[in-house]
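**Student:** Prediction below, plus the sequence it came from.
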Amino acid sequence: MAWVRRHLLFLAAVLVLAYMLVPNVVVAVFSFNDPVGRYNYTWRAFSLDAWANPCGAAGICQSLGLSLRVGLVASLTATVLGTMVAFALGRHRFRGRAGTNLLIFMPMATPEVVMGSSLLTLFLMMGLPAGTLAITIAHIMFCISFVVVAVKARVATLDPRLEEAAADLGATPLQTFLRVTFPLAFPGILAGALLAFSLSFDDYIITNFTASPSSVTFPMYVWGAAQRGAPVQVNVIGTLMFLVALLVVVAGQALAARRERSRAG
Amino acid sequence: MAEHGAGDLRLTGLTKRFGDFTAVHPLDLTIPRGSFFALLGPSGCGKTTTLRMVAGLEEPSGGTIHLGDTDVTGTRAHRRNVNTVFQSYALFPHMTVLDNVMFGLRRKGDKQAEAKAREALELVQLGQAGGRRPGQLSGGMQQRVALARALVNRPDVLLLDEPLGALDLKLRRQMQIELKRIQQEVGLTFVHVTHDQEEAMTMADHIAVMNAGRIEQLADPATLYEHPASTFVANFLGQSNLLRARVEGGARDGLVRANTEGQELLLAADSVPEGLTDLWVGVRPEKLTLGEAGGRNRLGGRVVDASFTGVATQYVVRTPWGADLVVVQQNDGSARATPGEDVTLSWEPGREFVLDAAQDDHAGLDEVAVDG
C-alpha cells in the first residue's frame, strides 16, 4: 500500500503519457503491417515493404511534396510578416493598436469551416482559381496570427534598454537590430516559424475549401485514402513525421540544457 | 563625431516636457572637462532625463547641448562620443563579457578592439571573466563590466545613471572608491546621477542638486553641506536643525543679533544676507554640543531620545517651544545624557547657515525618507 502511495504520481504520469502516445504507437506499429485488401486496420504479418518503398502508393509523395512546399512558403512568409506585426504591437503605441490586436486574434478564434468557406467565396469573387496559390495565401493568413502571438511574448521580455545601450555604444539602428534585437528575439521567432509550419502542414479544413483536384495536400490525401482504403505508406510517412517532430523537440531541449550548463559553469 | 577630449559639456536652456509635465525646466550647466560631476536629487527630479538628453536617448524640447565647441543637440545617440553606464547595466545577455566590452570598439572598426577590451577588463579587475556570460556574474561584477564597456570607448563624457543603486551597502562603498580611482586614472569627464547624497559627496568634485526639474544649488560638496542655498538642499544633504529667527539690529563686531522664540542668538554677519530679517537658522547636528562648552549660542531643552551608534550618540532634544533638535555627540569619553534629562545645547556663531524664512522648512525631507 505504501509503495502505491509513494509511486502514485509516477503511475498517473505514465497513464497520462500512455493515453497521449498510444495513437502514435499504433500508427508506427501498423507501418510494419502487411495487410490483405485495401484496409490496414487488422494486424496480419510483419513486413518492411512499405518502409522500403514509401512512395509506393500512387500520389502519396506528390501530396507530401506539395504539403512541404506550401508549409515552407507559408511559414516563412508568415514568420516575416508576423514578426514585424509583433514588434509593432509590442514596441509602439499607435492609433488602432487595440483593434489590430483583436484582428490578429480573430483567425485563431474563428471556426475553420467558417473561415474556409468564406475564403472560397472571396477567392471566387476575386477570380482567383482554387489551387496551390489559394492554399498558400490562406495558410499565410492564419499562420500570421500564431507567429504574432509567439514573437510578441518574446518581445515583451526584451529590455528596451539593451537597444538603447547598443545605440549608446555607437551601433546604427540596423546594427542594433542585427546584433542585439534579432538574436534576442530569435527563440520566439523560431518557435513561431515551427508552429506555423506544423499548422500549415497539418491543415485540412481550410485547405479543402481552397484546393483543386490537382492540388492535393498530404492531409487531404490521407483523408481521401482512408475512405477508399489506406495504404501502409500513410503510416510510414506518419511515423516519419512523428520522428522528425520528436527530433526537433529533443534537439531543442538538448541545446537549451547545454546553454544552461555553460551558463552555470 | 566630436574629437576626443572635446572639452566642457555645456547645457544651455535645456528643457524636456512630456505632454503637460515639465520634467526639466530650462537648465544651464557647464561641466568642466575631466571633472567628476554629480547630479543629485530625489527620484523624479529630472536628473535621469537630463542624463538621457546628454546621451541622445531623449530628445530635448528646447535648448542646446555642446561638447566643447560642437553642438550635439541634434546628433543621434550612436554618433555621439558619449557613453552610458545604465542603472540596470543593460549588458547583452547573449554575448560574452569580452564581446560586450568590445561592442563599441567593433562598431568603430577598431583593429585593437580585443586588446583594448582586455585592458579595460583588467582596469575593473575582471581580467579572468572575459569568456563568461553576464548572467553568470554577480551584480557587482556586472556593474564593473558595464563600466568597462563604456570606458573602453574613451568617450568625451561618461554618464553614470545610478550605477550603484542595485548593490548592497558594502559593495557600494567599495565601488565608490573604485569609480573615483578609475576616473582619476583615465581622466575622463564623469557625470554621475544619483539620489544618494553620501555617494555624491564621496565621489564628485562638483554637485548639482536638482529638485522638481530645476537645479537648486551647484557647488563642491563642502560648500553644499556648510552653506546650503535652500532648505531643500539643507534637508536633502544630511540632517539640519532649522530654527525660525528674526534679526534684531545691525551687525556689530561681525555678528548679528537675532531672536528665536525669545532666545537670543548671535549669527556671523557674513552669512546673513543683506536686508533679510526673517530667517531660518540652520545648525548641523554635529555642530551642536551638549553642555555650554560649544560656544556663545545656547538653547535649553530636554532629551527625549538617545541612540548610541558606537562612534557617536545621537540625541533628540525637545526645546521648551516644542521643536525637536538633533544633536550628534562624538564618543570622546565624556558623559552621556539620558532621556528625560534637561540639557543645554551650545554652538559658536559662524557654525550655522542662514536661509530666507520664506522657504518651506520641510522641503526635501519626504524625499529623504522615501529614498533612504
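**Tutor:** Perfect, I can see it now.
**Student:** Three-state assignment for the nearest residue to A:G229 once chain neighbours are set aside, please.
**Tutor:** Computed as CB to CB, 6 or more residues apart in numbering or on different chains, the closest residue to A:G229 that is not its neighbour in sequence is A:R38, at 2.5 Å. (Each C-beta comes from the backbone N, C-alpha and C, glycine too.) Classification of A:R38 by DSSP: H, G, I helix; E, B strand; the rest coil places it in coil.
**Student:** Quick check: which element contains the residue lying farthest from the centre of chain B?
**Tutor:** For chain B, the residue at maximal distance from the C-alpha centroid (CA atoms, centre = their mean) is B:K111, at 38.9 Å. Using DSSP states H and E, B:K111 falls within no helix or strand.
**Student:** Pop out the phi and psi values for it.
**Tutor:** Backbone torsions for B:K111, taken as degrees, to the nearest 10, come to phi -70, psi -30.
**Student:** where do the helices sit along the stretch 201-350 of chain B?
**Tutor:** All helices of the stretch 201-350 of chain B, identified by DSSP state H, counting those that start in this stretch, fall at B:221-226, B:231-236.
**Student:** again, but for the stretch 51-200 of chain A
**Tutor:** Along the stretch 51-200 of chain A, counting by DSSP H, counting those that start in this stretch, helices occupy A:60-91, A:97-109, A:112-126, A:132-157, A:160-168, A:173-176, A:182-202.
**Student:** Can you spell out which helices and strands pack onto the shortest one?
**Tutor:** Secondary-structure packing of helix A:173-176 (3 or more CB pairs under 8 Å, 6 or more residues apart in numbering or on different chains; DSSP states H and E): helix A:160-168.
**Student:** Please enumerate residues in contact with the helix it packs on?
**Tutor:** With contact meaning CB atoms under 8 Å, 6 or more residues apart in numbering or on different chains, helix A:160-168 is reached by A:91, A:173, A:175-176, A:179-181, A:184, B:55-57, B:76-78, B:82-84, B:86, B:88, B:90-93, B:103, B:150.
**Student:** From B:Q184, how far off is B:I177?
**Tutor:** B:I177 is 11 Å from B:Q184, where distance means CB to CB, to the nearest Å.
**Student:** How far off centre is the longest helix seen in chain B?
**Tutor:** Scanning chain B for the longest helix, with DSSP state H as the assignment, gives helix B:169-186. Chain-centre distance of helix B:169-186: 15 Å, with CA atoms, centre = their mean, to the nearest Å.
**Student:** Would you mind listing what in the stretch 151-300 of chain B touches chain A?
**Tutor:** Residues of the stretch 151-300 of chain B found near chain A (CB under 8 Å from any CB of the partner chain) are B:N153.
**Student:** What of the stretch 1-150 of chain B?
**Tutor:** Contacts of the stretch 1-150 of chain B with chain A, taken as CB under 8 Å from any CB, map to B:55-57, B:76-79, B:82-84, B:86, B:88, B:90-94, B:103-104, B:107-108, B:133, B:135-136, B:149-150.
**Student:** Now, those that are in helices?
**Tutor:** Using DSSP H, the members of the residues of the stretch 1-150 of chain B next to chain A that fall in helices are B:A55, B:F103, B:G104, B:R107, B:R149, B:A150.
**Student:** quick one: which of these has the most company?
**Tutor:** B:R149 (32 neighbours; other CB atoms under 10 Å in any protein chain shown).
**Student:** That residue reaches B:N100, doesn't it?
**Tutor:** Yes: taking CB atoms under 8 Å as the definition, B:R149 is a contact partner of B:N100 at 5.3 Å.
**Student:** shared neighbours of the two, which are they?
**Tutor:** Contacts common to B:R149 and B:N100, judged by CB under 8 Å, 6+ apart, are B:L91.
**Student:** So B:P60: helix, strand or coil?
**Tutor:** Per three-state DSSP, the secondary structure class of B:P60 is coil.
**Student:** Low-confidence stretches in chain B?
**Tutor:** B:1-6, B:366-372 (pLDDT under 70).
**Student:** which residues touch stretch B:323-340?
**Tutor:** Stretch B:323-340 has contacts (CB under 8 Å, 6+ apart) with B:239, B:241, B:243, B:261, B:283, B:285-286, B:288-290, B:299, B:301-306, B:308, B:310-319, B:343, B:345.
**Student:** Quick check: buried residues in that stretch?
**Tutor:** Neighbour-count burial for stretch B:323-340 flags B:A323, B:L325, B:V326, B:V327, B:V328, B:Q329, B:A337 (criterion: 16 or more other CB atoms under 10 Å in any protein chain shown).
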